[in-house]
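Asker: pasting a predicted model and its sequence here:
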Amino acid sequence: MAKRKDARVTVILECTSCIRNGLKKVSRGISRYITQKNRHNKPDGLELRKFCPYCYKHTIHGEIQK
């Protein structure tokens, strides 16, 4: 039986505005969400506006590699 590539894949979204590297600013954490996307409709990276509990506001969360 041949395996086929499914259209839906699991992706991880990470906050793009959380500070990761700073001299005097300490990062409290990085907000991440797990969701699914249709690879045929969105072949490029997925970006959604989600709530970041570390920034205390809605920010852009972009797709990252596993």
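Answerer: Here it is on my side, so go on.

Asker: can you pull out the strands in the chain?
Answerer: Taking DSSP state E as the criterion, the chain contains strands spanning 8-15, 32-38, 47-52, 57-64.

Asker: tell me what the shortest one is packed against?
Answerer: The reference is to strand 47-52. Packed against strand 47-52 by the contact rule (3 or more Cβ pairs under 8 Å, 6 or more residues apart in numbering; DSSP states H and E) you find strand 8-15, strand 32-38, strand 57-64. Backbone N, C-alpha and C define where each C-beta goes, glycine included.

Asker: what sits closest to the residue nearest the centre of the chain if chain neighbours are left out?
Answerer: For the chain, the residue nearest the mean C-alpha position is residue 13 (1.0 Å; Cα atoms, centre = their mean). The shortest distance from residue 13 to any residue that is not its chain neighbour, by Cβ to Cβ, 6 or more residues apart in numbering, is 3.9 Å, and that residue is residue 61.

Asker: so who does the one you found touch?
Answerer: The neighbours of residue 61, taking Cβ atoms under 8 Å, 6 or more residues apart in numbering as the test, are 13-16, 31-33, 47-50, 52.

Asker: make it 6 Å
Answerer: The contact partners of residue 61, taken as Cβ atoms under 6 Å, 6 or more residues apart in numbering, are 13, 15, 48, 50.

Asker: which pLDDT value belongs to the first one?
Answerer: This points to residue 13. Per-residue confidence at residue 13 stands at 93 (pLDDT).

Asker: look up which residues are beta-bridged to it.
Answerer: Listed by DSSP bridges, the beta-bridge partners for residue 13 are residue 33, residue 63.

Asker: burial check on residue 39, number of neighbours?
Answerer: Burial of residue 39, expressed as a neighbour count using other Cβ atoms under 10 Å, amounts to 14.

Asker: shaky segments in the protein?
Answerer: Within the chain, the set of residues satisfying pLDDT under 70 comprises 1-4, 19-28.

Asker: which residues does residue 58 bridge with?
Answerer: Here residue 58 shows beta-bridge partners residue 51, assigned using DSSP bridges.

Asker: ok, it to residue 18 distance?
Answerer: Applying Cβ to Cβ, to the nearest Å, one obtains 13 Å for the distance of residue 58 from residue 18.
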